[in-house]
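Participant: this one's sequence-less:
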């Protein structure tokens, strides 16, 4: 976007410090129940689902892949609706979808309802991120904006941290676990309804003179942002999709130990909340490059030593922190680039993360089938190194975010 088209962020009432903190807490909790419980917890319960519904591996995998499609539909809907109906309405919708999806899973009499529940629950993740990013970008004071954005984004780690122990303790009583997830999602939905501001989009941009140009819809630098998001999603797919498989079948660890690794991943993911401060201090480009190299190193470490549990555990934990931090950097990058339309920027960036994961997961699976699972992880590590070179550009000798 050229300087002649750059417009200031809309002038709206800024939340007080206390209300900003409450928004951060409610937003983190909403991301936790949507991502950590409604979406990612499915993988932890696949053994129980296969036993209960007599699913083969292909069917279980197909159900899981359907959540990516639901995620994409949800994020497109939320991106379009948030500026029109407001952040609060869309955030509550995300919570309702998470509650409904987890309830359907808990009460499923067969594979058909299980599939519907997984799709509904998966859609909640796509619906949750755009309205929260939109509300924070428009209503939180600039000095705290990046920090609040990345704290909320770290809710994924909190959700994974909560789901891990429940999965470890309730594998045989999985319906009770998912009813617990549903109850938590319902409580958080009510919290979001009373905490997230309406934050409808009003801009100081010139009145619409008809069809908008591509530059207005996609500012200069958008292709770089979306490409980076896609590569990051692809590079992370190995650990998210096959991490436990690598530890149990290649590393020969028990399912309980692999679940412990999942819990550590979630706990360390909370450190990803520091991404906002890192982006401010190091600059977006330096933060991105450093984190993508770290993603490559952690993926390669797990590939090299899956049989050494302590090494694999540490690498998995670092992966959790790095992944959440990378999504935080993308969140900050997209809200800067789409300053007048933050929901659109975040929606597109997170959609391309999911596209990268959806494309890479079956491709890496094919690599594993034709060679070894370890080779698939090495390939993912190489993808992360490629992505390290495609962060935000530098202008005027210093990194101040993406070039306009």
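Facilitator: Received, thanks. Because the structure is a prediction, the values reported are computed rather than measured.
Participant: so where do the helices sit in the stretch 301-404 of the chain?
Facilitator: 309-337, 342-370, 373-387 (DSSP state H, counting those that start in this stretch).
Participant: Show me the shaky parts of this structure.
Facilitator: Scanning the chain for pLDDT under 70 picks out the ranges 1-12, 57-58, 61, 171, 201-216, 276, 393-404.
Participant: Single out the most deeply packed of the helices of the stretch 301-404 of the chain.
Facilitator: Of the helices of the stretch 301-404 of the chain, the one with the most neighbours on average (mean count of other CB atoms under 10 Å) is helix 309-337, at a mean of 25. Placement of C-beta: from N, CA and C, glycine included.
Participant: Could you pull up the residues touching residue 134?
Facilitator: Remark: with contacts taken as CB atoms under 8 Å, 6 or more residues apart in numbering, residue 134 is in contact with 82, 83, 87, 199, 201, 342, 343, 346.
Participant: Return the member of those nearest to residue 229.
Facilitator: residue 346 (10.3 Å; CB to CB).
Participant: contacting residues around that closest one?
Facilitator: Taking CB under 8 Å, 6+ apart, we find residue 346 in contact with 79, 129, 130, 133, 134, 331, 334, 335, 338.
Participant: Check which element follows the helix or strand encompassing the second one along the chain.
Facilitator: It refers to residue 129. Counting by DSSP states H and E, the element that carries residue 129 is helix 111-139. Scanning forward in sequence from helix 111-139 by DSSP H and E, the next helix or strand is helix 142-153.
Participant: Buried residues, that next one. List them.
Facilitator: 144, 145, 146, 147, 148, 149, 150, 151, 152, 153 (16 or more other CB atoms under 10 Å).
Participant: ok, the first one touching residue 18?
Facilitator: No. Between residue 144 and residue 18 there is no contact under CB atoms under 8 Å: 12.0 Å.
Participant: Which of the helices of the stretch 301-404 of the chain sits closest to residue 99?
Facilitator: Taking CB to CB, helix 342-370 is the member of those nearest to residue 99, at 21.1 Å.
Participant: Any idea how far that closest one is from the middle of the chain?
Facilitator: 11 Å (CA atoms, centre = their mean, to the nearest Å).
Participant: Likewise for stretch 245-260?
Facilitator: Counting by CA atoms, centre = their mean, stretch 245-260 comes out at 24 Å from the chain centroid.
Participant: where do the strands sit along this structure?
Facilitator: Assigned by DSSP state E, the chain shows no strands.
Participant: Residues touching stretch 380-387, excluding its own?
Facilitator: By CB under 8 Å, 6+ apart, the list of residues contacting stretch 380-387 reads 228, 231-232, 234-239, 292-293, 295-297, 299-300, 303, 360, 364.
Participant: Select from those residues every entry located in helices.
Facilitator: Under the assignment DSSP state H, the contacts of stretch 380-387 contribute 228, 231-232, 234-239, 292-293, 295-297, 299-300, 303, 360, 364 to helices.
Participant: possible to save the buried residues of helix 142-153 as CSV with distance to residue 379?
Facilitator: Shown next, in CSV, are these (distance: CB to CB, whole Å):
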residue, distance to residue 379
144, 40
145, 37
146, 33
147, 35
148, 36
149, 31
150, 29
151, 33
152, 32
153, 27
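Participant: for these, which one is nearest residue 100?
Facilitator: residue 152 (22.3 Å).
Participant: Kindly provide the distance from the closest one to residue 198.
Facilitator: The gap separating residue 152 from residue 198 is 17 Å, by CB to CB, to the nearest Å.
Participant: Now do the domain split for this protein, please.
Facilitator: What automatic domain parsing lists as the domains of the chain is 15-202, 220-393.
Participant: circling back to that earlier point, quick one: buried ones out of the ones in helices among the contacts of stretch 380-387?
Facilitator: By 16+ other CB under 10 Å, the ones in helices among the contacts of stretch 380-387 give 228, 231-232, 234-239, 292, 295-297, 299-300, 303, 360, 364 as buried.
Participant: For residue 42, the count of nearby residues, please.
Facilitator: Number of residues near residue 42 (other CB atoms under 10 Å) recorded here: 23.
Participant: correct me, but it touches residue 65?
Facilitator: No. At 10.9 Å, residue 42 does not count as touching residue 65 under the criterion of CB under 8 Å.
Participant: what is in contact with those two at once?
Facilitator: In contact with both residue 42 and residue 65: no residue, using CB under 8 Å, 6+ apart.
Participant: Could I get the contacting residues of residue 240?
Facilitator: 40, 357, 361.
Participant: before we move on, what about residue 317?
Facilitator: Residue 317 neighbours (CB under 8 Å, 6+ apart): 261, 264, 265, 267, 268.
Participant: All set now, cheers.
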